[in-house]
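A.B. asks: heads up, no residue letters with this:
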């Protein structure tokens, strides 16, 4: 019968190797394997925005909704594993946005167990009072998946994952 202490030691070494690999990979926060499409063709004209800092109204709405999103080039947590150097970092990173005539559509990368792109829609809306100013607000329309196709689906009126 194999030595029980030897088996336990081997299991502990394997577990520690896995944990340390996740921690090391996690600190390389701005690199992920899913390629970002270089360009997309949409059914409506749009202006491309490459940094969240260039969309202060979107950043304000994300903060209002407590949706922490890092800008391009900023560190974020691409996995569910945290280490001491990543505590407090967001689990999302801005990828790109498109400003259309009647809405803004934002792509962000969401880390976690199943990492993917999220595509969300924002529109100018009034809050509760009639004379309140128009503010950019999340509409609740969001899709996860290939960002070019998800953007076109939102433009076509797809709401949630039904029909997507």
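C.D. replies: Looks like it came in fine. The shown structure was predicted, so the numbers you read here are calculated from the model rather than taken from an experiment. Numbering: from 1, shown residues only.

A.B. asks: Where do the helices of the protein begin and end?
C.D. replies: Secondary structure of the chain (DSSP state H): helices at 4-27, 56-64, 147-155.

A.B. asks: List the buried residues for the second one?
C.D. replies: It stands for helix 56-64. Within helix 56-64, the residues scored as buried using 16 or more other C-beta atoms under 10 Å are 58-59, 61-62. C-beta: built from backbone N, CA, C; applies to glycine.

A.B. asks: Switch those residues over to JSON lines; also include distance to residue 101.
C.D. replies: Compiled in JSON lines, those are given as follows (distance: C-beta to C-beta, whole Å):
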{"residue": "58", "distance to residue 101": "16"}
{"residue": "59", "distance to residue 101": "21"}
{"residue": "61", "distance to residue 101": "19"}
{"residue": "62", "distance to residue 101": "22"}
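
A.B. asks: how about these, which pair is most distant?
C.D. replies: By the measure C-beta to C-beta, 59 and 61 form the most distant pair in these, at 7.4 Å.

A.B. asks: helices and strands of the protein: which one bottoms out on pLDDT?
C.D. replies: helix 4-27 (a mean of 47; mean pLDDT, DSSP states H and E).

A.B. asks: Residue 51 and residue 72, how far apart?
C.D. replies: Going from residue 51 to residue 72 by C-beta to C-beta, to the nearest Å gives 5 Å.

A.B. asks: do the same with residue 131
C.D. replies: When distance is defined by C-beta to C-beta, residue 131 is 37 Å away from residue 72.

A.B. asks: go on, residue 54?
C.D. replies: Here the criterion is C-beta to C-beta. By it, residue 54 lies 10 Å from residue 72.

A.B. asks: residue contacts, the closest residue to residue 44 other than its chain neighbours?
C.D. replies: With sequence-adjacent residues excluded and distances taken as C-beta to C-beta, 6 or more residues apart in numbering, residue 44 is closest to residue 100, at 5.4 Å. By C-beta atoms under 8 Å, 6 or more residues apart in numbering, residue 100 lies in contact with 44-46, 155.

A.B. asks: Got the phi and psi for residue 100?
C.D. replies: With angles defined as degrees, to the nearest 10, residue 100 sits at phi -100, psi 170.

A.B. asks: pLDDT score assigned to it?
C.D. replies: pLDDT, residue 100: 98.

A.B. asks: so how far is residue 51 from it?
C.D. replies: In terms of C-beta to C-beta, residue 100 sits 18 Å off from residue 51.
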